[in-house]
Every structure is written in structure tokens, then in C-alpha cells.
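Engineer: give me a model of this one.
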Amino acid sequence: MAQAKLPQSLSLKYKVELDNDKENPILNLRLTPTQSNFMYIYLSKIDARKPVTKQVTFSLDEYANIMGLEGRISTTRILNVTKSLYSLSYPEYDEESERIKLIHAFDNFEMYKEDGDWYVTISCHQKAEKRFFELSEYTAFEVWNVLALSHTTHRKLYELLKQHERLKQRDLTLKELRKLLLLKDTELSDWRHFKRMLNFAEKALRENTDIYFTWEVLSKRGKGGRVHSLRFHIFKNEEVLSRPRQMHIREIEEQFKREREIDEELHQEASQIQESLRAFQNAITVDYEIVDEWDGDEDAEVKGDGIPPNFRNKIEFLSEACRDEFSFQEMVVLWNTMREKLPYSIVSEDLQCYDYLSNKYQEMLLNNENLIRAGKSKIEHRHSYLRTMIRDDKEI
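Structural biologist: Next up is the predicted model:
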């Protein structure tokens, strides 16, 4: 039987000590929401100056909640979900041997029973210790700040600004910022969409974390005046800090549970919205399934349907990937099609969904141009055409 110190309750005041070295490969891992939750909690439970603390213990229930397991917890399910942590790795070049090694972030998973209760222990890989512990400069923050943010991009931006909290300002070129946010070249490549993401992040940090920010364009380059660099102004968030923080592990678990259920919840909400829309459209003898355009005022029709703000924001954000061509109702249909077709790793992340939908929309525009050049009829029902492209996508 493994001997390990039983865990204390996870406190929201546990501190994460994050390396300021932007080249640290641990910071450059693209994480799913669940992996991100685990990484922050793991970092909050170790002492970055004491490698002997690298083994972290969770109760089985706590671990299952963090990793997104519901219902009956079997050994098979625990091992399957743990594989997602063992898949986290990074390349490292060894100058002496002139070899490139693939280093895994985590290692030594154990599940055991002690005094009638089950526990899980996990530690960082021995070869990755220097990335977790040998930190020359680091930024510390209480873990509740990042767990309160639902988007991994918002969490990365919080980290970047927290590093400069004392300086109250941080200047970054757009290229540098995109790299630090781990965005792919195709993600939010349009400035309008990147700007919208910043505005969403500004709102999220102001409402949920111990700092908030404002931003401005610092410089532009080129004939077209393309945005080159940004300036962030960083402030202590007294309003959030003044709120009572007497929260227990269960409240964190409830938040994780909420995040895990959001896909199912959005599906149910979208179905309810569609039902109400179908009822409305049937009343005016319009078949929602085959109509490609509907010129009604969607806001006027759906306000009374109790659409949750988070869902409305998601749909409006995705609408920009289609240049706001389609109505709110039509975007709900596209979202449902994506949800049914795409893997969870994509539909669980708004940026991934946006990127996919934007690529498909651009592909549709290109197909339309090719048809016109060939002397054929243009795409008449663009919404139906795009929906079919998603539904029949062979590359997924």
C-alpha cells in the first residue's frame, strides 16, 4: 500500500507560483479546459522551492471532479481520463548528446485505498522537475483567479498581466501577444475578431479576478495602418477583492461540474430555442429547416425565451466567423450541427469552434467564386450549404 500524506481540503487561497520564463515549455502546452484545471490545482499544491513536494495527493472524489468524471467511478474510467495528463509532453534538445528528447510533464500515477477511503497520487516527471521547481523568477497568485475564468485564453492573458501588476502596464506587439496566448496563425487572425476576444477578456477579468485591465492600440504599421502593438493598463480589482472569499472545495467542484455540463446544457437550451422558433415560424407558415434566410428581428422574437447570456454571447461570437451573415436562429442551427459533428476538444473551446467555422465559411465563399467563374449558378441557399459542409465534413 502506498504511503502518502492525506490531502488537505483544496483552498481557493492556495497559491500558484508560475515561471516568468516565457520559454518554459510547460507554459506553452495547449491545454484542454480539464487539463488546465488540473495543471493550476497541481501547481497550487506544490511548493515551487521544494521538489520533494512534487507528489500531490487527492481524494478519489476530488480527483474525479477535477478530471470531469460523473456517476459511477470505475478503475477503467479513472485510468482513461488520466491518459490525457500523460499525453502532455514537450521536446527538449540535449546539447551534449545532440539529441531531441520528448519529456512528459506527469508521471507516477497511483490509486490506492487507505482507512476505507480511496486516494490518487500523481507527480511531475523527474525530467520535468526543473520546469516546475527551478524557477529563478516567478509570479504568484491565488488559484481562484484562474479557476474563475472559463476560457483558457483569458487565463493566459491573466497570467501575462499579473506578471506586470506592480509595473501597472505592459506593452506587447500583436505578434508577441498572439504567441504568448498560444494562438495558431489561423486563430483570430482578423483584427476585429481579436479585438472582440480582448473585450470579452477585459470583462471576464474585471468580474472575476484580483486585477482588471484596459487596453489601447500603441502603434500601427504599414500603408493600411495595421495594428502593430498594444498597451495594457493593469489595476488592482478592489471590487472583486472586497467580496467574501469563504468558499469550500465543493464550490470549486460545482464550478468544474458546471463547465463539464455546459455542452449538454447549451444543447438543451438550443433545442428549446429551436422549438420556440419552429412554433413561431409555423404560425407564419415558414419552414425553418429549409429556409436559408429569415429577415425578422431575432432579438425581438427570442428575448422572451430566456436565452442565457453565455449562450447568446457564444452564438454572437460564432456569428462573426460568418461575417454576421446569418440570423441568430440560423447560427443556433450551425452550432447544433457542429456540436453533433465535431469532437469535444473543439466544441468545448469557443476559439476552436470559431476557427473551424471561419475556415468552412471561407471555403464556401471560395466555392461560390469558382462556380461564378465557371459560368454556373452561385450558391443560393448559403446557410443550408454551409450546414451541409459541416455535417458531411470527411476530415473530422
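
Engineer: correct me, but residue 201 touches residue 157?
Structural biologist: Yes. Between residue 201 and residue 157 there is a contact under Cβ atoms under 8 Å: 5.1 Å. No exception for glycine: its C-beta is placed from N, CA and C like everyone else's.

Engineer: show me where this structure has its strands.
Structural biologist: With strands called from DSSP state E, the chain shows them at 15-19, 55-59, 89-94, 99-104, 106-114, 117-124, 138-142, 169-173, 211-221, 226-236.

Engineer: reformat those strands as JSON lines; add mean pLDDT and mean neighbour count.
Structural biologist: Below are the strands of the chain laid out as JSON lines (pLDDT from 0 to 100; neighbours: other Cβ atoms under 10 Å):
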{"stretch": "strand 15-19", "mean pLDDT": "89", "mean neighbour count": "19"}
{"stretch": "strand 55-59", "mean pLDDT": "88", "mean neighbour count": "20"}
{"stretch": "strand 89-94", "mean pLDDT": "87", "mean neighbour count": "12"}
{"stretch": "strand 99-104", "mean pLDDT": "89", "mean neighbour count": "12"}
{"stretch": "strand 106-114", "mean pLDDT": "87", "mean neighbour count": "15"}
{"stretch": "strand 117-124", "mean pLDDT": "89", "mean neighbour count": "20"}
{"stretch": "strand 138-142", "mean pLDDT": "91", "mean neighbour count": "16"}
{"stretch": "strand 169-173", "mean pLDDT": "96", "mean neighbour count": "16"}
{"stretch": "strand 211-221", "mean pLDDT": "95", "mean neighbour count": "15"}
{"stretch": "strand 226-236", "mean pLDDT": "96", "mean neighbour count": "16"}
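
Engineer: next, format the ones you listed as TSV and append distance to residue 28.
Structural biologist: Shown next, in TSV, are those (distance: least, Cβ to Cβ, whole Å):
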stretch	distance to residue 28
strand 15-19	11
strand 55-59	22
strand 89-94	7
strand 99-104	13
strand 106-114	16
strand 117-124	16
strand 138-142	16
strand 169-173	16
strand 211-221	22
strand 226-236	20
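
Engineer: so which of these comes closest to residue 313?
Structural biologist: Across the strands of the chain, residue 313 has its closest neighbour in strand 211-221 (18.6 Å, Cβ to Cβ).

Engineer: next, the angle strand 138-142 makes with that closest one.
Structural biologist: Angle, strand 211-221 to strand 138-142, by axes from the mean of the first three to the mean of the last three Cα atoms, to 10 degrees: 140 degrees.

Engineer: for strand 211-221, name the packing helices and strands.
Structural biologist: Using 3 or more Cβ pairs under 8 Å, 6 or more residues apart in numbering; DSSP states H and E as the contact criterion, the elements in contact with strand 211-221 are helix 152-162, helix 191-208, strand 226-236.

Engineer: 10 Å instead?
Structural biologist: helix 152-162, strand 169-173, helix 174-180, helix 191-208, strand 226-236, helix 238-241 (3 or more Cβ pairs under 10 Å, 6 or more residues apart in numbering; DSSP states H and E).

Engineer: and the pLDDT for residue 41?
Structural biologist: Residue 41 is assigned a predicted lDDT (pLDDT) of 86.

Engineer: how much space is there between the closest residue to it other than its chain neighbours and residue 85?
Structural biologist: Spatially, and ignoring its direct neighbours in sequence, residue 41 is nearest to residue 66 (6.1 Å; Cβ to Cβ, 6 or more residues apart in numbering). The spacing between residue 66 and residue 85, counted by Cβ to Cβ, to the nearest Å, is 10 Å.

Engineer: which one of the strands of the chain lies closest to residue 35?
Structural biologist: Of the strands of the chain, nearest to residue 35 by Cβ to Cβ is strand 106-114, at 10.1 Å.

Engineer: what helices or strands is that closest one leaning on?
Structural biologist: Judged by 3+ Cβ pairs under 10 Å, 6+ apart, strand 106-114 is in contact with helix 33-45, strand 55-59, helix 60-66, helix 75-86, strand 117-124.

Engineer: how big is the angle separating that strand from helix 75-86?
Structural biologist: Using the same axes, to 10 degrees: strand 106-114 against helix 75-86 is 150 degrees.

Engineer: for residue 125, see how far away the nearest residue to residue 357 once chain neighbours are set aside is.
Structural biologist: Excluding the flanking residues, the one nearest residue 357 by Cβ to Cβ, 6+ apart is residue 321, at 4.2 Å. Taking Cβ to Cβ as the measure, residue 321 falls 38 Å from residue 125.

Engineer: ok, these two, which is more surrounded?
Structural biologist: residue 321 (22 against 18; other Cβ atoms under 10 Å).

Engineer: nearest to residue 367 among the strands of the chain would be which one?
Structural biologist: Proximity to residue 367 (Cβ to Cβ) singles out strand 226-236 among the strands of the chain, at 28.5 Å.

Engineer: who's in contact with the closest one?
Structural biologist: 157, 160-177, 191, 194-195, 198, 202, 205-206, 210-222 (Cβ atoms under 10 Å, 6 or more residues apart in numbering).
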